[in-house]
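# Would you be able to build a 3D model of this:
(2 chains)
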There are 2 protein chains.
Amino acid sequence: MTPFADRLAETVRRTGNPLCVGLDPRWESLPAGLRTRFGAESLDTVAAATEAFCLRVLDLVAGRVGIVKPQSAFFEACGPPGLATLQSVVRRGKDLGLLVILDSKRGDIASTATAYANAAFSGITVSDHRFPVWDADAITVNPYLGRDAVEPFITAARQVGGGVFVLVRTSNPGAGMFQDLDCGGKKLYRHVAAAVADWNADGLGACGLGDVGAVVGATHPKELAELRSELPSVWFLVPGYGAQGALASEVAGAFRADGLGAIVNSSRGITFPFHPDNPNWEAVITAAIQRAVGDLQTLVRR
Amino acid sequence: MTPFADRLAETVRRTGNPLCVGLDPRWESLPAGLRTRFGAESLDTVAAATEAFCLRVLDLVAGRVGIVKPQSAFFEACGPPGLATLQSVVRRGKDLGLLVILDSKRGDIASTATAYANAAFSGITVSDHRFPVWDADAITVNPYLGRDAVEPFITAARQVGGGVFVLVRTSNPGAGMFQDLDCGGKKLYRHVAAAVADWNADGLGACGLGDVGAVVGATHPKELAELRSELPSVWFLVPGYGAQGALASEVAGAFRADGLGAIVNSSRGITFPFHPDNPNWEAVITAAIQRAVGDLQTLVRR
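All right, here's what the predicted structure looks like:
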């Protein structure tokens, strides 16, 4: 079983870029043709339109980009049929050879965290049958509840060669409210970062990086570079590039000298760069992918 | 539209107790008869057994207790059919006149938080149709991402007379790892508590309490009492009673002098006090409810 860190390194090297395409599907942004074809009669038809769109995006992404990140909130917004769509999207992503990061930012006390973690990775076991649920390669996790809330995710991930990305410094404007509080001369997010380094040290792959990564927003380039030097073995998942405002130059500090160490997410900038009435939306998405790949590939070619 | 705080106060006064029954269904704990009847053939049959069990628990709860708290992780563990079961459980709970708190501990950047929040409360709107998703009375929210990650939940809740419970001091053994860090002479969870007090001040009901509550574990009675005096207008959702170890005397400090201000959750202690092979499991649950109600009712009778 290849460790998650090495699968990620191999993916970045093979595709030549660190782009992660975020899937945040919203009905109002879907191509008008798809909305008309499926209709807004029920959550089932909305989920079906969402599925058709996401599967097509995956086709356009595959071969150009190696990593996708479905955001569970936008699937949950369509209720149970939306979550069936999420399953279908993860499955197709993996069939296409993509690494799939489930962005669900879960976190709960240990026994509950184990239920979320099993759903994310190995599936649930009932009377000796094992049923896969999300079957993701990695998941995002919220650290607020502490060690025993995070570790079940790490344990479940390691059983299947998967990974965990812990929220350290998020990309939203209000992130600093708690994350920047000074705790004994060190901001809260640095304490979380230190815990991530600790967890990560137990799961290093051949590439010298590990399976417990950190979510670090691109919107604070200085902090990104400081964390890079503090956590040389930790994979960073960097949101905030593209539609959220950050440029390739601003995420450069997230990378190690060998061009590994970070993946850079773009969601709306890749999946919704078109007006819903534009029938050539697939071409617009392809162009957006090529532009982002061109923009980011210099960061991994050192 | 009655504010959430007043609905909660009315519920506690009507039932005469502050008990909240947590629904954390696990296949291996379900009554053997139910497991045999539905079978472990697929996630559909597992979800159906889970539904049958939870609906029966709701029947036993209703009339004795006023509040239930389904834990979304244990429904998500059965994938999309499990989440259809969650919908069915919330709907039946509300039909029975129970207040339903969705314990999903969500938290994400603003646009994503809005998607989760709409799913929890008003439902999603597509082409002028509104489709309910979870349709809960309240939801639990993780504060790590800061103000703009929490406020969409508050906004969505207020539109429907719902409530939000923000994680402040959780009941798990590792809670202190970050929550107890000293940030400028005040522990992190006290900073979160101050933010909760601030948010809550905008939504006070006639009872003098508001619609942004705090999750405060029963496992630290001293901190619970201190927070009570610091946050006189904030409803507390107190986990940790019963199977997690805390006694009624240890949660007493969470209550105001008028007997309001806290609801006390018990999950396994109420729903799984029986051996799976015991055919009289319904009587055992009823006895557990009566015991907890008897134990806790003195706290609200002042």
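# The stretch 51-200 of chain A: strands as residue ranges?
Assigned by DSSP state E, counting those that start in this stretch, the strands in the stretch 51-200 of chain A fall at A:67-70, A:99-106, A:124-126, A:129-131, A:138-141, A:163-169, A:182-183, A:186-187.
# okay if I get those as a markdown table plus mean pLDDT?
Listed next are these as a markdown table, based on pLDDT from 0 to 100:
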| stretch | mean pLDDT |
| --- | --- |
| strand A:67-70 | 98 |
| strand A:99-106 | 98 |
| strand A:124-126 | 92 |
| strand A:129-131 | 93 |
| strand A:138-141 | 98 |
| strand A:163-169 | 98 |
| strand A:182-183 | 96 |
| strand A:186-187 | 96 |
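# and A:Ala119, how many neighbours?
29 (other C-beta atoms under 10 Å in any protein chain shown). The C-beta positions use only the backbone N, C-alpha and C, and glycine is treated the same way.
# measure the nearest residue to it once chain neighbours are set aside to B:Ala73 for me?
Nearest non-adjacent residue to A:Ala119, counting by C-beta to C-beta, 6 or more residues apart in numbering or on different chains: A:Val133, 4.1 Å away. As judged by C-beta to C-beta, to the nearest Å, A:Val133 and B:Ala73 stand 11 Å apart.
# Find residues that contact each of the two.
Common neighbours of A:Val133 and B:Ala73, using C-beta atoms under 8 Å, 6 or more residues apart in numbering or on different chains, are A:Ala119.
# and the longest helix along chain A, how far from the chain's centre?
Identified as the longest helix of chain A according to DSSP state H is helix A:43-61. In terms of C-alpha atoms, centre = their mean, to the nearest Å, the centre of helix A:43-61 is set 18 Å apart from its chain centre.
# Same question for stretch A:58-74.
Distance of stretch A:58-74 from the chain centroid (C-alpha atoms, centre = their mean) equals 9 Å.
# Pull out the buried positions in that stretch.
A:58, A:60-62, A:64-74 (16 or more other C-beta atoms under 10 Å in any protein chain shown).
# Stretch A:174-185 too?
Of the residues in stretch A:174-185, A:174-181, A:183 count as buried by neighbour count, 16+ other C-beta under 10 Å.
# possible to save the residues you listed as JSON lines with distance to chain B?
Shown next, in JSON lines, are the buried residues of stretch A:174-185 (distance: C-beta to the nearest C-beta, whole Å):
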{"residue": "A:Gly174", "distance to chain B": "4"}
{"residue": "A:Ala175", "distance to chain B": "5"}
{"residue": "A:Gly176", "distance to chain B": "7"}
{"residue": "A:Met177", "distance to chain B": "4"}
{"residue": "A:Phe178", "distance to chain B": "6"}
{"residue": "A:Gln179", "distance to chain B": "7"}
{"residue": "A:Asp180", "distance to chain B": "9"}
{"residue": "A:Leu181", "distance to chain B": "4"}
{"residue": "A:Cys183", "distance to chain B": "4"}
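# Help me confirm that A:Leu102 comes into contact with A:Ala120.
Yes. The pair A:Leu102 / A:Ala120 is scored as a contact, 5.7 Å apart, by C-beta atoms under 8 Å.
# Look at those two and report which has more neighbours.
Shown here are A:Leu102 and A:Ala120; by other C-beta under 10 Å, A:Ala120 has more neighbours (29 against 25).
# Pop out the phi and psi values for the residue nearest to A:Lys187 when sequence neighbours are not counted.
Nearest non-adjacent residue to A:Lys187, counting by C-beta to C-beta, 6+ apart: A:Asp180, 5.2 Å away. When read as degrees, to the nearest 10, the backbone of A:Asp180 gives phi -100, psi 0.
# Hmm, A:His191 and A:Asp180 touching each other?
No. Counting by C-beta under 8 Å, A:Asp180 stays clear of A:His191, with 11.6 Å between them.
# Pull out the buried positions in stretch A:157-174.
A:157-158, A:160-172, A:174.
# same thing with stretch A:287-299?
Residues A:288-289, A:292-293, A:295-297, A:299 are the ones in stretch A:287-299 that count as buried (16+ other C-beta under 10 Å).
# contacting residues for the residue in the stretch 201-302 of chain A that chain B sits nearest to?
Ranking the residues of the stretch 201-302 of chain A by distance to chain B (C-beta to the nearest C-beta) places A:Pro239 first, at 8.0 Å. Applying C-beta under 8 Å, 6+ apart to A:Pro239 gives the contacts A:22, A:170-171, A:215, A:217-218, A:265, A:267.
# ok, now with 6 Å
A:Pro239 makes contact with A:171, A:217, A:265 under the criterion C-beta atoms under 6 Å, 6 or more residues apart in numbering or on different chains.
# Roughly how far does the second one sit from A:Arg169?
So the one you mean is A:Gly217. Separation of A:Gly217 from A:Arg169 (C-beta to C-beta) stands at 6 Å.
# Contacting chain B as well, which ones from the buried residues of stretch A:58-74?
A:71, A:73-74 (C-beta under 6 Å from any C-beta of the partner chain).
# Which one of those residues is nearest to B:Gly210?
Nearest to B:Gly210 among these, counting by C-beta to C-beta, is A:Ala73 at 25.7 Å.
# So that closest one sits against B:Thr114, correct?
No. Contact criterion C-beta atoms under 6 Å: A:Ala73 and B:Thr114 do not qualify, at 8.5 Å.
# just to revisit the earlier point, can you put the buried residues of stretch A:287-299 in CSV and add distance to B:Gln244 and secondary structure?
Output for these, formatted as CSV (distance: C-beta to C-beta, whole Å; DSSP: H, G, I helix; E, B strand; the rest coil):
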residue, distance to B:Gln244, secondary structure
A:Ala288, 49, helix
A:Ile289, 48, helix
A:Ala292, 47, helix
A:Val293, 50, helix
A:Asp295, 50, helix
A:Leu296, 47, helix
A:Gln297, 51, helix
A:Leu299, 47, helix
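# I'd like the residues you listed laid out as CSV, including distance to chain B and pLDDT.
As requested, those are exported to CSV (distance: C-beta to the nearest C-beta, whole Å; pLDDT from 0 to 100):
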residue, distance to chain B, pLDDT
A:Ala288, 19, 97
A:Ile289, 22, 97
A:Ala292, 20, 96
A:Val293, 24, 96
A:Asp295, 22, 94
A:Leu296, 21, 96
A:Gln297, 27, 95
A:Leu299, 23, 93
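# what are the ranges of the strands in the stretch 201-302 of chain A?
Counting by DSSP E, counting those that start in this stretch, the strands of the stretch 201-302 of chain A are A:212-216, A:236-238, A:262-266.
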